[in-house]
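Chemist: Quick one, structure for this:
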Amino acid sequence: MVDETSRHTKSKQKSKGRRFYCIDANYRLEGKPGFVLQNETTLKGYLRHLGQQPRYSDFPEQPRFLFDRKLGRAPRDIEEYGKHWLISDSMKAVFEAVDLDALAFTPCDVRLPDGTEGPRYWLCTVVRVLDALDEGNSRLTISQDEGQKYYLLHVGISSLVFRDEAVVGAHIFRMAYCRSIVICDQFMREACEQANLKGILFRDVLHY
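Modeler: Residues are numbered from 1 along each chain as shown. So this is what the prediction gives:
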């Protein structure tokens, strides 16, 4: 049995060269965001599958959002919508500049309560999937279900280390065996911070 203390020390040493983070919309923000997808019934089937590239080009119509302060706070640069992100023009510009091939986008028709056009927003998802986890130097549960491997992460316990040769030049990606988790590197984090984007949560993967 591997000693957990020495294993975690090894993990820290292996990750010193390049830092990685779980990236998501910040669920710790107070208050519900004030928006609703008005054509959810039409688009529901197209938005369902997590971690698979949504064929936004197959949408029968453009996602139509109502932004209304009566429903909650003003949306930030990134918000969760189901298994997707709802992002601002500014957030999309950073994603495209840093790692265009990793993401898919579709423009939204945003309206305000009086019917006028609202700020430009996009539905977005990360479509790059990498089998890059260094399982031997990470702390997590590896399980099997009907022959399919998957990872279980535990808040406050899990620690993730990635193989440099598997990540190479990628700045954002999903984990092959835990596709609900999106990982980004320090370069992506710094680009978001320099653009002063709001509503993003970064968690160091060494201390999940």
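Chemist: residues of the helix or strand hosting residue 187 that come out buried?
Modeler: Per DSSP states H and E: residue 187 is located in helix 186-194. Going by neighbour count (16 or more other Cβ atoms under 10 Å), the buried part of helix 186-194 is 188-189, 191-192. Where you see a C-beta, it was placed from the backbone N, CA and C, and this is true even at glycine.
Chemist: Run through who's touching it.
Modeler: 18-21, 23, 91, 94, 97-99, 171-172, 200, 202 (Cβ atoms under 8 Å, 6 or more residues apart in numbering).
Chemist: Now, those that are in helices?
Modeler: 91, 94, 97-99 (DSSP state H).
Chemist: circling back to that earlier point, so which of the contacts of helix 186-194 comes closest to residue 69?
Modeler: Nearest to residue 69, judged by Cβ to Cβ, of these is residue 91 at 20.6 Å.
Chemist: close enough to count as contact, the closest one and residue 77?
Modeler: Yes: checked against Cβ atoms under 8 Å, the pair residue 91 and residue 77 is within contact range at 4.4 Å.
Chemist: Return every residue with contacts to both of the two.
Modeler: residue 197.
Chemist: Extract the CA atoms of stretch 192-208 and return them as CSV.
Modeler: Extracted as CSV, the C-alpha positions of stretch 192-208 are listed here (Å, rounded to 0.1, in the frame of the first residue of the first chain):
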residue,chain,number,x,y,z
CYS,A,192,-9.5,35.4,-17.6
GLU,A,193,-8.2,37.5,-14.7
GLN,A,194,-6.4,40.0,-17.0
ALA,A,195,-9.7,40.5,-18.9
ASN,A,196,-11.4,41.2,-15.5
LEU,A,197,-14.1,38.5,-16.2
LYS,A,198,-16.7,38.0,-13.4
GLY,A,199,-18.4,34.9,-12.1
ILE,A,200,-15.6,32.3,-12.6
LEU,A,201,-14.6,29.8,-10.0
PHE,A,202,-11.1,28.3,-10.1
ARG,A,203,-10.1,25.4,-7.8
ASP,A,204,-6.6,24.1,-7.6
VAL,A,205,-6.7,20.4,-8.7
LEU,A,206,-4.1,19.5,-6.0
HIS,A,207,-6.7,20.4,-3.4
TYR,A,208,-10.0,19.5,-5.0
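Chemist: buried sites along it?
Modeler: Quick answer for stretch 192-208 (16+ other Cβ under 10 Å): 192, 197-200, 202, 205-206, 208.
Chemist: Among these, which pair sits farthest apart?
Modeler: The widest separation within the buried residues of stretch 192-208 (Cβ to Cβ) is 25.2 Å, between 198 and 206.
Chemist: show me where the chain has strands.
Modeler: In order along the chain, the chain carries the following strands (DSSP state E): 20-25, 35-37, 64-67, 78-81, 84-88, 103-107, 109-111, 121-126, 129-130, 141-145, 148-152, 172-175, 178-185, 200-204.
Chemist: nearest spatial neighbour of residue 126, skipping sequence neighbours?
Modeler: Closest residue in space to residue 126, ignoring its immediate chain neighbours: residue 182 at 5.0 Å, by Cβ to Cβ, 6 or more residues apart in numbering.
Chemist: need the contact list for that neighbour.
Modeler: Taking Cβ under 8 Å, 6+ apart, one finds 22-24, 126, 172-174 in contact with residue 182.
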